[in-house]
Each structure stands twice: as structure tokens, then as C-alpha cells.
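Asks: What follows is a predicted protein model with its sequence.
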Amino acid sequence: MPELPEVETIRRQLDPLLGGRTIVSVESHPAANFVSATDAQGARIDGVGRRGKYLIVPLEDGRELIIHLGMTGSLRIAPPGDRGDRYVRSRWELEGGDVLEFRDVRRFGRIAVVDAGDYRSLPTLARLGPEPLSPGFDGDVLWAGLKRSNRRVKTQLLSQRPVAGVGNIYADEALFRAGVNPALRRVTRAQAGRLAPAITAVLSEGIEHGGTTLRDYRTVSGEQGGHQFHLLCYGRAGEPCVNCGEELSGRVLDGRSTTWCRSCQPR
DNA sequence: GTTGCGTCCTGGACGC
DNA sequence: TGCGTCCAGGACGCAA
């Protein structure tokens, strides 16, 4: 399930492969989530950028190709004639014959072509919080974002408003490292001060390891990420806490599976 | 504007 | 072996 580290890993691999190339033809699944892919036909790609979990591909004509990988989306550069499997949702044929292929089993991904910066059709992107890897992101910025709402702190992180790019895996990991209970509705300045660097750290380490592969995620070159071997909390309910040895707890919180340590992350 | 919940989607795990 | 049920979860729409 691609979060910021997985999307950034893909961005770094795609950028040198796509920059300066022209999209000569496009095929797309007819579903509303994907069909806009065809709008990029004939455009020249300027590079590959990212905001949160969104890949943003600037086009020379002043528009942007936006790709969100959803839960099971992946991108690869396929050789000419390679049609992929039945889960390929969009194919952009590039000048020279290679094909940029978007594969998405569960069809939760999304593709849009918009005028640069006009994200009205993508409300989450339009209201996206600060980039957690930018120099300006710290405890004060996070606290200002969190204290505007009364929702649980984990639910707020997943909303992409207080900070961009955090999904279920890295939210659990960051809250665990910061010693912040995921169900808290009011976070103190001190807790935000611990949580912000924890978010930055887990995301940075996720990038260093090439992302987290639990099932579907693959890099552009088809490799699995390596961060699943470094998770301290997510998905480890019932196992001993690496800090205190107490059994990690698990429950569904606002519809999302959540793991935490009752001892290290008290209410 | 905020909050909480349902919906989309499909492969895999699991129980019978 | 085959069938039915449940689960995973990011974004978004809707009702309160």
C-alpha cells in the first residue's frame, strides 16, 4: 500500500526515465478513476515530482498528469509489445517505443490530467498538509495542524491535512516511536514535538529501504521494498514490544487496523 | 466547517 | 475440493 516512501522511491526511479519524452499514444481502462489518462496523449513530459502520496508529472503544455497509486497501484516501464496482465489499467506509449504502465488490482488508484496547480477535482491534494521531509516541518507546524480538529490523532494523520504522505503503516510506526497513543483526541505541544521528528524519521528510513512491501508494492524495476523488515509496531499485535516487552495491542480505530503499546503509548 | 460512516474494489485467508 | 464470508485500506461522498 503505497505511502510517501513508496511513492518517492518510484518517483526517483521514473524521473530520469521519463523526463523529456513525449507520450505518443494512450490506452486506458474506461472507469472514471483512470480514463483521464488519455488526456495526456501528445504531451511532452518535463519530469516527475511528488506531493504527499501523489505523483505529479508536469507536462510541457502547462498541464500536469497526476497519479495516485491507491492501495495496489504500481508503475513500470514495459518494453514494446509487452502487454502486462489483466490488471493493467493505463498504458502511455512513449516516443521510442517504451510504455509507462499503470497496474492496479483493486482499482483504488486514480489518474487525472489538470491545469498545473488546479487541484479542484482532487480535494485531498488541494488541501494537502505540509511535506514532512521539508525543512519547515517541525513540532509547531504539526501541532498547529492537529489542534484544529477533535478527531483522533491517527485519524488526523491519515486525513493528509496536518501532514502529507502518512498512511496506516507509517502512522502506527511514528506514533509508536513518539510514545503517542493513536486514539488521543487532544495532543499536547510536547507530544507533537516528539511526533513530528518521528514522522520524518520513519518516512526517511522507509525511503532508504526502498519502501515497504507487505503484498503488492513493487518498485519501477519490479523489486520489493525492504522496510517491512524494520517495522517495530505495525502488524505486530500480540507480539512483545521492542521497548518494554509488553504485548502490543491491536484494534480497529475509525475503520483502520491499529497497533500500539499500552505501556509505551499511554492514554 | 466538522465528524463519522459507507462505498468502491478484488485477491487471499479462513472456516465449514 | 468448493463455496461463502471476512479482511485489507486511501480517497471521497453524504448525512447529521
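Replies: Received it, and whenever you're ready, just let me know what you need.
Asks: which residue packs closest to A:Thr212, ignoring adjacent ones?
Replies: A:His227 (4.1 Å; Cβ to Cβ, 6 or more residues apart in numbering). Heads up, the C-betas are built off the backbone N, CA and C, glycines and all.
Asks: Tell me the predicted confidence for that neighbour.
Replies: Note for A:His227: predicted pLDDT of 72.
Asks: my guess is it meets A:Glu205, correct?
Replies: Yes: at 6.8 Å, A:His227 counts as touching A:Glu205 under the criterion of Cβ atoms under 8 Å.
Asks: More neighbours: those two, which one.
Replies: More crowded of A:His227 and A:Glu205, by other Cβ atoms under 10 Å: A:His227, with 26 against 14.
Asks: residues touching that one, list them.
Replies: A:Pro5, A:Glu205, A:Gly206, A:His209, A:Gly210, A:Gly211, A:Thr212 (Cβ atoms under 8 Å, 6 or more residues apart in numbering).
Asks: Name the SS class of the nearest residue to A:Glu27 once chain neighbours are set aside, please.
Replies: Using Cβ to Cβ, 6+ apart and skipping residues adjacent in sequence, the residue nearest A:Glu27 is A:Arg91, 4.6 Å away. Secondary structure, DSSP: H, G, I helix; E, B strand; the rest coil: A:Arg91 is strand.
Asks: who's A:Arg91 bridged to?
Replies: A:Glu27, A:Glu101 (DSSP bridges).
Asks: For A:Thr212, give its distance to DNA strand C.
Replies: 11 Å (Cβ to the nearest atom of the strand, to the nearest Å).
Asks: Angles on the backbone of the residue nearest to A:Thr212, please.
Replies: phi -80, psi -20 (degrees, to the nearest 10).
Asks: A:Pro162 now?
Replies: Backbone torsions of A:Pro162, given as degrees, to the nearest 10, read phi -70, psi -30.
Asks: How about A:Arg76?
Replies: phi -150, psi 160.
Asks: Help me confirm that it comes into contact with A:Arg103.
Replies: Yes: assessed by Cβ under 8 Å, A:Arg76 is found in contact with A:Arg103 at 7.3 Å.
Asks: Name the residues contacting each of those two.
Replies: Contacts common to A:Arg76 and A:Arg103, judged by Cβ under 8 Å, 6+ apart, are absent.
Asks: what residues are up against the residue lying closest to A:Arg110 once chain neighbours are set aside?
Replies: With sequence-adjacent residues excluded and distances taken as Cβ to Cβ, 6+ apart, A:Arg110 is closest to A:His68, at 4.4 Å. Taking Cβ under 8 Å, 6+ apart, we find A:His68 in contact with A:Lys53, A:Tyr54, A:Leu55, A:Gly109, A:Arg110, A:Ile111, A:Leu122.
Asks: and with 6 Å instead?
Replies: A:Tyr54, A:Gly109, A:Arg110 (Cβ atoms under 6 Å, 6 or more residues apart in numbering).
Asks: Let's have the residues you listed in a markdown table, adding secondary structure, neighbour count and distance to A:Arg127.
Replies: As requested, the contacts of A:His68 are exported to a markdown table (DSSP: H, G, I helix; E, B strand; the rest coil; neighbours: other Cβ atoms under 10 Å; distance: Cβ to Cβ, whole Å):
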| residue | secondary structure | neighbour count | distance to A:Arg127 |
| --- | --- | --- | --- |
| A:Tyr54 | strand | 24 | 12 |
| A:Gly109 | coil | 24 | 20 |
| A:Arg110 | strand | 22 | 16 |
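Asks: I'd like to know how many residues surround the residue nearest to A:Glu239 when sequence neighbours are not counted.
Replies: The shortest distance from A:Glu239 to any residue other than its chain neighbours is 5.7 Å, reached at A:Leu248 (Cβ to Cβ, 6+ apart). A:Leu248: 24 surrounding residues under other Cβ under 10 Å.
Asks: Same check on A:Arg127?
Replies: 11.
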